[in-house]
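K.L.:
give the three-dimensional model of this entry:
(chains A, B, C and D)
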Protein chains: 2
Amino acid sequence: MAPENMLAIGALARATGTKVETIRWYERVGLLPHPARSAGNYRSYGAAHLARLSFIRRARDLGFSLEQIRALLGLAEQRDQPCEAVDAIARTHLEEVERKIADLQALQRELASLVHRCRHGKVAECGIVEALSPRPDMGAAAG
Amino acid sequence: MAPENMLAIGALARATGTKVETIRWYERVGLLPHPARSAGNYRSYGAAHLARLSFIRRARDLGFSLEQIRALLGLAEQRDQPCEAVDAIARTHLEEVERKIADLQALQRELASLVHRCRHGKVAECGIVEALSPRPDMGAAAG
DNA sequence: GATAGGGCCTGTAGCCGCTACAGGGTCAAG
DNA sequence: CTTGACCCTGTAGCGGCTACAGGCCCTATC
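P.N.:
Model prediction:
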């Protein structure tokens, strides 16, 4: 009955490097269409599913969100439309990655200077703890 | 009854740049001790809470997880212990940030090359979509 | 035919660190 | 006495999975 080129979920998982639960998750959230079912109610995937899941995996590896991927998949099907929107999603994501890098680099500098402050003595005189604790606020005093 | 230097949750929120809900959340997960309550069951915070929440905020701004902050707070109280463990947490976090930067930079290069592939024509010939789609796997063919 | 073991099914809860309600009570000013 | 800002509790949601529990199915072996 079932053609040879159909895949059970485990086989699809191995073929794409995705966990079985993740595949079911993608189905639940509508990224992967519901597959056909075997006599025993097993999911049965064909080449289209494999291609689509591979696309999703690649995009996830590149850090696109599921929402972005949903949009990309939709756009990829409009093959004679201009690809501006595709480009825009990719550029937006690239910019976000670049912003994150800049943020993390600022963090890295702060953390490096924090770590540098440790004088390897008691906690009481540890520059790290000092740097995290609020300053005694010299000058203004209550009461 | 309530001393002047006690703060309601909103005042503490303003003083530390934290949202009210976040303060309650920190209390729930045990990062902030339960404060005293006013006659009308309002939370009432003193200087110790202010200092502790400021510490938490700073550490959060530096990207420490709540678990790490919990550990840091615990260690910060053992003032005559060696500060090795404090240093270790900070170093671990710094290393993780550095790993994330490296990962994102690799991503950035991939995304830049992806974006570069767009030829601004139809989706059908878009290099971005091509790069995300599985290759036709020339050579091996089923059946 | 019985059984062992893998794989598959559904449904639900958990992770992190909040955030956002709903549906009330409290309090100070006018 | 009313307004309106503040506060309370409790619960659900975000993204993107992951990890169960408690079952069914399918194949291989005896």
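
K.L.:
what does chain A put close to DNA strand C?
P.N.:
Selection of chain A residues close to DNA strand C by CB under 7 Å from any atom of the strand yields A:8-11, A:13, A:20-21, A:24, A:41-43. Quick note: C-beta positions are derived from backbone N, CA and C, even for glycine.

K.L.:
swap the cut-off to 10 Å and go again
P.N.:
Within chain A, the residues that sit near DNA strand C (CB under 10 Å from any atom of the strand) are A:7-14, A:20-21, A:23-25, A:27-28, A:34-35, A:37-38, A:40-45.

K.L.:
out of those residues, which are buried?
P.N.:
A:7, A:9, A:12-13, A:23, A:27, A:35, A:43-45 (16 or more other CB atoms under 10 Å in any protein chain shown).

K.L.:
grab the nearest non-local neighbour of the residue of chain A at minimum distance from DNA strand C.
P.N.:
Here the residue of chain A nearest DNA strand C is A:Gly10; by CB to the nearest atom of the strand that distance is 2.4 Å. Closest residue to A:Gly10 apart from its sequence neighbours, by CB to CB, 6 or more residues apart in numbering or on different chains: A:Val20 at 6.0 Å.

K.L.:
any idea how far that neighbour is from A:Gln68?
P.N.:
Separation of A:Val20 from A:Gln68 (CB to CB, to the nearest Å) stands at 24 Å.

K.L.:
correct me, but the residue of chain A closest to DNA strand C touches A:Lys19?
P.N.:
No: using CB atoms under 8 Å, A:Gly10 is not in contact with A:Lys19, being 10.1 Å away.

K.L.:
what packs against the host helix or strand of A:Ser54?
P.N.:
In this structure, A:Ser54 is located in helix A:47-61 according to DSSP states H and E. Helices and strands touching helix A:47-61, by 3 or more CB pairs under 8 Å, 6 or more residues apart in numbering or on different chains; DSSP states H and E, are helix A:9-16, helix A:20-28, helix A:66-77, helix B:127-132.

K.L.:
per-domain residue ranges of chain A.
P.N.:
With domains defined by automatic domain parsing, chain A comprises A:1-64, A:82-135.

K.L.:
what helix or strand is the closest residue to A:Ala71 other than its chain neighbours on?
P.N.:
With CB to CB, 6+ apart as the criterion, A:Ala71 has its nearest non-adjacent residue at 6.0 Å, and that residue is A:Ile89. Using DSSP H and E, the element containing A:Ile89 is helix A:84-116.

K.L.:
wait, does that helix contact DNA strand D?
P.N.:
No: for helix A:84-116, no contact with DNA strand D is found by CB under 10 Å from any atom of the strand; the gap never falls below 10.6 Å.

K.L.:
wait, doesn't A:Leu73 sit right on A:Leu32?
P.N.:
No: in this structure A:Leu73 lies outside contact range of A:Leu32 using CB under 8 Å: 9.7 Å.

K.L.:
tell me the secondary structure at the residue nearest the centre of chain A.
P.N.:
Among the residues of chain A, the one closest to the centroid is A:Gly63, at 4.7 Å (CA atoms, centre = their mean). At A:Gly63 the chain is in coil, as set by DSSP: H, G, I helix; E, B strand; the rest coil.

K.L.:
chain neighbours aside, what residue packs nearest to it?
P.N.:
The nearest residue in space to A:Gly63 (CB to CB, 6+ apart) is B:Leu107, at 5.4 Å.

K.L.:
over to A:His93?
P.N.:
In this structure, A:His93 finds its nearest non-sequential neighbour in A:Phe64, 5.8 Å apart by CB to CB, 6+ apart.

K.L.:
what of A:Arg24?
P.N.:
Sequence neighbours aside, A:Ile9 is the residue nearest to A:Arg24 in space, at 7.3 Å (criterion: CB to CB, 6+ apart).

K.L.:
what sits against that neighbour?
P.N.:
Residues in contact with A:Ile9, defined by CB atoms under 8 Å, 6 or more residues apart in numbering or on different chains, are A:20, A:23-24, A:42-43, A:45.

K.L.:
the residue nearest to A:Gly10: what's it in contact with?
P.N.:
Counted by CB under 8 Å, 6+ apart, A:Val20 has contacts A:9-10, A:13.

K.L.:
of these, which is the nearest to chain B?
P.N.:
The nearest member of the contacts of A:Val20 to chain B, counting by CB to the nearest CB, is A:Ala13 at 15.6 Å.
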